[in-house]
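K.L.:
Below are the sequence and a predicted model for it; my questions follow.
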Amino acid sequence: MMTDRRRRPARAAAVALFCLCWGLTAVIVVIAIAKHQLASLDSGGSLPIALACVSVGTIVVWHRPEHPMGWILSGIAVFFVLDGAGSGYAALDYRDHHGTLPLGPVAVWAAQSWALAIVLFGLAFLVYPDGGALTSRWRWVIRAYVVLGGAWIAGAWALAVLAAARHDIRVDANGALTTGQNALWWSALSEVFFLGTGVAWLAWLGYQAVAWRRSAGEYRQQLKWLIGGAAVCAACGIALVAWGTMPAALQAIAACGVAALPVSLGIGILKFRLYDIDRIISRTLAYAIVTGVLIGLYAGLVLLATDVLTLSSPVAVAGATLIVAALFNVLRRRVQRVVDRRFNRARYDAEATVALFAARLKDTVDADSVTGDLAAVVQRALQPANLSVWLRELGQRSELSSHLSVVTGVQAASLPSSRAGSSSVITSSR
């Protein structure tokens, strides 16, 4: 455990990287304004994911400076924005001003930072969630990946150095270097790197798939956060690339969605609200299913009313809207219950247990029996770290406390007592 005195330099460095990242983002915006391309500033979503990475990385370093993931995320962000600033300036110099601006070769060299960001991005998966090798054998995999990635990075920067030395710098409209991209050695090195990265990721994925079946508790929840964040990031990234002409509002939402991966990585590392992932998954699936069903029902009702019943369009739209609005809550409850049975089983079992106990409690008249039964049911259903049952009757109060080692996100519940003039309240804490 690091002391506060040893944490201060690490925190100061993390804050410096955070400020550097945002400063380079401002530079990217200024260059985009100078090129009159502010509307297409970041169609690929790299800028939101960079800002999310540096924000999450700073938080991780602040709380756990010994964990390499915070530094990896901050490095990904800095090199992504350095690439954006360098590429923008290179395009402004070599395409708009024919190489007359100062520091053009430096901008081309900085634009190759995307290679470092990609290598660090791949490394982040290989060291998740504990910050090191999964097993002793995985150390060799990580070392081989780092060596291969280092060679690829050196090759990318060598292209910029050779182009500057030969005074033959050519960039595309985005500022990416095109000189030397067809060189045989660079093509071979890129193929070897991406092939090695793919093999390492597939091996990591296979290991995690096996570990998933055997895992429980925090580790399982960490993998859920990783998978969920990666799925959202991939879906939003594909949407940005495939549908570049989507409305501005949807494009902004998709660009923010690619930030789900670094956010999920940070939550998994800090173990902050890990068990909320089950609730998030169940609610997301439930609302997605309900939305799809209601959209299909709405379209079917409108077509039925206009084509079959020959009603006017305003009447058909109004009627379909009223029917869909009336069915929303009913359908949502039913779908949510079905989804919870599969993806949020703990909550479903807890609610079923509490409902069964509440029904049984109506026929119970003995206070001591109610107290013991109540504590046992809450322990089994909610699994709190600390539990207290308070019974109030005619000014008298009795308390039953118990402590459990299992921790969940459920913190409180209350049930009516079967005795007249009595009430029982369950309080629990982590």
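P.N.:
It's in. Residues are numbered from 1 along each chain as shown.

K.L.:
drop to CA atoms for contacts and neighbour counts, all remaining ones
P.N.:
Will do.

K.L.:
any idea how far residue 153 lies from residue 110?
P.N.:
Using C-alpha to C-alpha, to the nearest Å, residue 153 is found at 12 Å from residue 110.

K.L.:
cool, and residue 134?
P.N.:
On the measure of C-alpha to C-alpha, residue 134 and residue 110 end up 33 Å apart.

K.L.:
of these two, who's got more company?
P.N.:
The residue with more neighbours, out of residue 134 and residue 110, is residue 110; 22 against 17, by other C-alpha atoms under 10 Å.

K.L.:
Next up, the contacts around the closest residue to that one other than its chain neighbours.
P.N.:
Computed as C-alpha to C-alpha, 6 or more residues apart in numbering, the closest residue to residue 110 that is not its neighbour in sequence is residue 86, at 5.1 Å. Taking C-alpha atoms under 8 Å, 6 or more residues apart in numbering, we find residue 86 in contact with 106, 107, 108, 109, 110, 111, 175.

K.L.:
element containing residue 86?
P.N.:
helix 68-91 (DSSP states H and E).

K.L.:
Please export the C-alpha coordinates of whatever helix or strand comes next after that helix as CSV.
P.N.:
Using DSSP H and E, the helix or strand that directly follows helix 68-91 along the chain is helix 104-111. Taking Å, rounded to 0.1, in the frame of the first residue of the first chain, the C-alpha atoms of helix 104-111 are listed here in CSV:
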residue,chain,number,x,y,z
GLY,A,104,5.8,20.6,-40.3
PRO,A,105,8.1,17.5,-40.0
VAL,A,106,7.5,17.5,-36.2
ALA,A,107,3.8,17.4,-36.8
VAL,A,108,4.2,14.5,-39.2
TRP,A,109,6.3,12.7,-36.6
ALA,A,110,3.7,13.4,-33.9
ALA,A,111,0.9,12.2,-36.2
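
K.L.:
other SSEs contacting helix 104-111?
P.N.:
helix 68-91, helix 136-165 (3 or more C-alpha pairs under 8 Å, 6 or more residues apart in numbering; DSSP states H and E).

K.L.:
hmm, back to that, orientation of the helix holding residue 86 relative to helix 104-111 in degrees?
P.N.:
Helix 68-91 runs at 150 degrees relative to helix 104-111, counting by axes from the mean of the first three to the mean of the last three C-alpha atoms, to 10 degrees.

K.L.:
Could the C-alpha coordinates of helix 68-91 be exported in CSV?
P.N.:
Provided in CSV are the C-alpha atoms of helix 68-91 (Å, rounded to 0.1, in the frame of the first residue of the first chain):
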residue,chain,number,x,y,z
PRO,A,68,-0.7,0.1,-14.5
MET,A,69,-4.2,0.5,-16.1
GLY,A,70,-4.5,4.1,-15.0
TRP,A,71,-1.3,5.0,-16.8
ILE,A,72,-2.2,2.9,-19.8
LEU,A,73,-5.5,4.7,-20.2
SER,A,74,-3.9,8.1,-19.8
GLY,A,75,-1.2,7.1,-22.3
ILE,A,76,-3.9,6.0,-24.9
ALA,A,77,-5.6,9.4,-24.5
VAL,A,78,-2.5,11.5,-24.8
PHE,A,79,-1.2,9.6,-27.9
PHE,A,80,-4.6,9.7,-29.6
VAL,A,81,-5.0,13.5,-29.2
LEU,A,82,-1.3,14.0,-30.1
ASP,A,83,-2.0,12.1,-33.3
GLY,A,84,-5.1,14.3,-33.9
ALA,A,85,-3.2,17.5,-33.4
GLY,A,86,-0.2,16.4,-35.5
SER,A,87,-2.4,15.1,-38.3
GLY,A,88,-4.4,18.3,-38.4
TYR,A,89,-1.4,20.5,-38.5
ALA,A,90,0.3,18.3,-41.1
ALA,A,91,-2.7,18.6,-43.4
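
K.L.:
Return the set of buried residues in that helix.
P.N.:
For helix 68-91, a neighbour-count test (16 or more other C-alpha atoms under 10 Å) marks 68-91 as buried.

K.L.:
can you give me the offset of stretch 286-305 from its chain's centre?
P.N.:
Put simply, stretch 286-305 sits 29 Å off its chain's centre (C-alpha atoms, centre = their mean, to the nearest Å).

K.L.:
buried sites along it?
P.N.:
286, 289, 290, 294, 297, 298, 301, 302, 303, 305.

K.L.:
So which of these are in helices?
P.N.:
Counting by DSSP state H, the part of these found in helices is 286, 289, 290, 294, 297, 298, 301, 302, 303.

K.L.:
Make JSON lines out of the residues you listed and add pLDDT and distance to residue 171.
P.N.:
Shown next, in JSON lines, are those (pLDDT from 0 to 100; distance: C-alpha to C-alpha, whole Å):
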{"residue": "286", "pLDDT": "82", "distance to residue 171": "47"}
{"residue": "289", "pLDDT": "86", "distance to residue 171": "46"}
{"residue": "290", "pLDDT": "87", "distance to residue 171": "48"}
{"residue": "294", "pLDDT": "87", "distance to residue 171": "49"}
{"residue": "297", "pLDDT": "87", "distance to residue 171": "51"}
{"residue": "298", "pLDDT": "85", "distance to residue 171": "50"}
{"residue": "301", "pLDDT": "83", "distance to residue 171": "54"}
{"residue": "302", "pLDDT": "82", "distance to residue 171": "53"}
{"residue": "303", "pLDDT": "83", "distance to residue 171": "53"}
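
K.L.:
ok, now which ones touch residue 100?
P.N.:
Shown in contact with residue 100 (C-alpha under 8 Å, 6+ apart): 93, 94.

K.L.:
Kindly provide the distance from residue 130 to residue 218.
P.N.:
Counting by C-alpha to C-alpha, the gap from residue 130 to residue 218 is 12 Å.

K.L.:
for this structure, what are the low-confidence residue spans?
P.N.:
Applying pLDDT under 70 to the chain picks out residues 1-3, 38-45, 241-249, 275, 311, 343-351, 354, 361-370, 378-385, 389-430.

K.L.:
redo that, cut-off 50
P.N.:
Applying pLDDT under 50 to the chain flags the ranges 394-430.
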